[in-house]
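K.L.:
give me the fold of what follows.
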Amino acid sequence: MRVLVVDDEKNIRRAMVLALESMDHAVVAVSSGKEALDALRQGAFAVIFLDLKLGRENGLEFLDEIRRLAPEAAVVIITAYASIETAVEAIRQGAFDYLPKPCTPDQIRRLLDRIMRTQRLENRVLELEARLQSEAPEIDLDSETAGMQKTLEVAWKAAGSEATVLLLGESGTGKSVLARAMHERSGRFERAFVTVSCPSLSRELLESELFGHVKGSFTGAHHDTAGKVVAAHGGTLFLDEIGDLPLEIQAKLLRLLQEREYERVGDPNPRKADVRVIAATNRDLVSAVAAGHFREDLYYRLNVITISLPPLRERDADLLRLAGKHLAFFAKQAAKRFDGFSSGALARMQNYAWPGNLRELRNVIERAVILGNGPLIEADDLAIRPGHDEQQPAVRLGARVSLEAIENEHIRQVLAHCRTIDEAAGILGIDPATLYRRKKRL
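P.N.:
Below you'll find the model as predicted:
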């Protein structure tokens, strides 16, 4: 590696250079912070050994500028004035590690080995991220539909806050994608985004996965487990399909949200949590509260900022653009050439209700690319049957239809644009319980 040594003592610099060169590293040695900054402006270094006391200068005063000029470099503080306080401060400001003087060649060798392992892991992560991007279509959160634009406007405003967010929408509308995008636009973006799928496990296993457990707390608990709350420390905890969370765990989640405290399974000692919670569901939580399946106090605690994602059938202006992006991606992946969609394919996509939303659109286009022959995607290439689940035209006033049909259509339209049963009932001028029964019948 290319290493920079910054120390005002000539003998220390000479000893460090000899030790590092004997390990086959290329070394540049300087005596002051100014010379170190000049060296960094002229070339890149993998490791920087920075003396804490540079004559009358404090090495930590240069650390921010060094990190700015060489963000990829591992900075190691070296000093004869070793103390816990300076070590903690150096690490807090971005140093990789801390070594007291005099440093032995063996100490330096072990530290450099650790730095190389860490940098290899970081490069591996970058490689895997690049591979994932090449294997999955780019996330598209742009929209030309007014409803989705309003959703995104609220989401980006909420992203920078610490408020709990509840995402509502049908399955496949992109709730998890939006949750991750909000995390990346938050002050916690450098920390973990951790997902917990609430319907995926039994109550006992879900509680353990979420909060962790201690060894021996239940059959099969052979060792302590930290849990997802710890994994998300300083970051975002995404609770997917929270409407399926068992009632017993809902009380513990409420405590986590209100008091920022929780307990591991089998451990009575309370622990502090530093997580921002985003939850999502495709269920009607108001109805779940009314039916006793969801705690009312938890619902109101989650419902600080509620964001509803419109289904794909209400995003006419986005449908063909999204389909085109999927076509370009999967065609490139399959090494095929497609010039677009035939008029019949376009019409079929526009008339289809897309009950699986964005997820279904992706799967349909991927299948069409794999099985299609080109140069256009034809209607028969799309795995949606003509007339199957196609959108029904709205009932027109004055048409030869009954009053009940008109009333039913009006109820559907109002429900589609309201966040809660109570809000819709207020608009319609009927009791919420009556509307709930009518909704079930419809």
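
K.L.:
name the helices or strands packed onto the one helix or strand residue 167 maps to?
P.N.:
Using DSSP states H and E, residue 167 sits in strand 165-168. Counting contacts by 3 or more C-beta pairs under 8 Å, 6 or more residues apart in numbering; DSSP states H and E, strand 165-168 packs against helix 175-184, strand 276-281, strand 305-308. Every C-beta, even on glycine, is put in place using the N, C-alpha and C of the backbone.

K.L.:
residue 319 is nearest to which of the ones you listed?
P.N.:
Smallest distance to residue 319 across the helices and strands packed on strand 165-168 (C-beta to C-beta): 16.8 Å, for helix 175-184.

K.L.:
any idea which helix or strand of the chain has the worst average confidence?
P.N.:
Ranked by mean pLDDT, DSSP states H and E, the weakest helix or strand in the chain is helix 84-92, scoring a mean of 73.

K.L.:
you'd agree residue 3 is in a helix?
P.N.:
No - Residue 3 sits outside any helix when classified using DSSP: H, G, I helix; E, B strand; the rest coil, being strand.

K.L.:
what's near enough to touch it?
P.N.:
When contacts are counted by C-beta atoms under 8 Å, 6 or more residues apart in numbering, residue 3 is found next to 20, 25, 26, 27, 28, 45, 46, 47, 48, 49.

K.L.:
that older thread, now tabulate the helices and strands packed on strand 165-168 in CSV and tack on mean pLDDT.
P.N.:
Formatted as CSV, these follow (pLDDT from 0 to 100):
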stretch, mean pLDDT
helix 175-184, 94
strand 276-281, 95
strand 305-308, 95
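
K.L.:
need the winner for burial among those.
P.N.:
The highest mean neighbour count among the helices and strands packed on strand 165-168 belongs to strand 276-281 (a mean of 26), with neighbours defined as mean count of other C-beta atoms under 10 Å.

K.L.:
contacts for it, please.
P.N.:
With contacts defined as C-beta under 8 Å, 6+ apart, strand 276-281 is touched by 162, 164-169, 175-176, 179, 182-183, 186, 188, 235-244, 256-257, 302.

K.L.:
which segments of this protein make up each domain?
P.N.:
According to automatic domain parsing, the chain comprises the domains 2-124, 146-308, 312-381, 403-441.

K.L.:
to residue 140, which of these lies closest?
P.N.:
Across the domains of the chain, closest to residue 140 is domain 312-381 (C-beta to C-beta), at 6.0 Å.

K.L.:
now do the same end-to-end measure for that closest one.
P.N.:
When the termini of domain 312-381 are compared using C-alpha to C-alpha, to the nearest Å, they are 20 Å apart.

K.L.:
pretty sure residue 27 sits against residue 5.
P.N.:
Yes - using C-beta atoms under 8 Å, residue 27 makes contact with residue 5 at a distance of 6.2 Å.

K.L.:
what's across from residue 167 in the sheet?
P.N.:
Here residue 167 sits in beta bridges with residue 280, residue 307, going by DSSP bridges.

K.L.:
mind checking the SS state of residue 127?
P.N.:
Assigned with three-state DSSP, residue 127 falls in the helix class.

K.L.:
quick one: contacts for it?
P.N.:
Contacts of residue 127 by C-beta under 8 Å, 6+ apart: none found.

K.L.:
from residue 180, how far out is it?
P.N.:
20 Å (C-beta to C-beta, to the nearest Å).

K.L.:
got it, and residue 55?
P.N.:
Residue 55 sits at a distance of 48 Å from residue 180 (criterion: C-beta to C-beta).

K.L.:
one more: residue 261?
P.N.:
Taken as C-beta to C-beta, the span from residue 261 to residue 180 is 26 Å.

K.L.:
could you give me the average pLDDT of stretch 26-44?
P.N.:
Here stretch 26-44 scores 89 as its mean pLDDT.

K.L.:
can you give me the end-to-end span of it?
P.N.:
Stretch 26-44: ends 12 Å apart by C-alpha to C-alpha.

K.L.:
that stretch: how far from the chain's middle?
P.N.:
Relative to the centre of its chain, stretch 26-44 is centred 38 Å away, using C-alpha atoms, centre = their mean, to the nearest Å.

K.L.:
what's the answer for stretch 185-195, then?
P.N.:
Put simply, stretch 185-195 sits 6 Å off its chain's centre (C-alpha atoms, centre = their mean).

K.L.:
quote the end-to-end distance of it.
P.N.:
17 Å.

K.L.:
over to stretch 289-301?
P.N.:
Start-to-end, stretch 289-301 (C-alpha to C-alpha) is 13 Å.

K.L.:
residue 77: what's it in contact with?
P.N.:
Going by C-beta under 8 Å, 6+ apart, the list of residues near residue 77 reads 50, 51, 52, 59, 60, 86, 87, 90, 95, 97, 98, 99.

K.L.:
so for stretch 6-26, what gets flagged as buried?
P.N.:
Using 16 or more other C-beta atoms under 10 Å as the test for burial, stretch 6-26 gives 6, 7, 8, 9, 12, 13, 15, 16, 17, 19, 20, 25.

K.L.:
quick one: contacts for the second one?
P.N.:
Applying C-beta under 8 Å, 6+ apart, we find residue 7 in contact with 13, 16, 29, 31, 49, 51, 54, 78.

K.L.:
narrow the contacts of residue 3 to those that are buried.
P.N.:
With neighbours counted by 16+ other C-beta under 10 Å, those contain buried members at 20, 25, 27, 28, 45, 46, 47, 48, 49.

K.L.:
between the contacts of residue 3, which is closest to residue 372?
P.N.:
Comparing these against residue 372 with C-beta to C-beta places residue 46 closest, at 48.6 Å.
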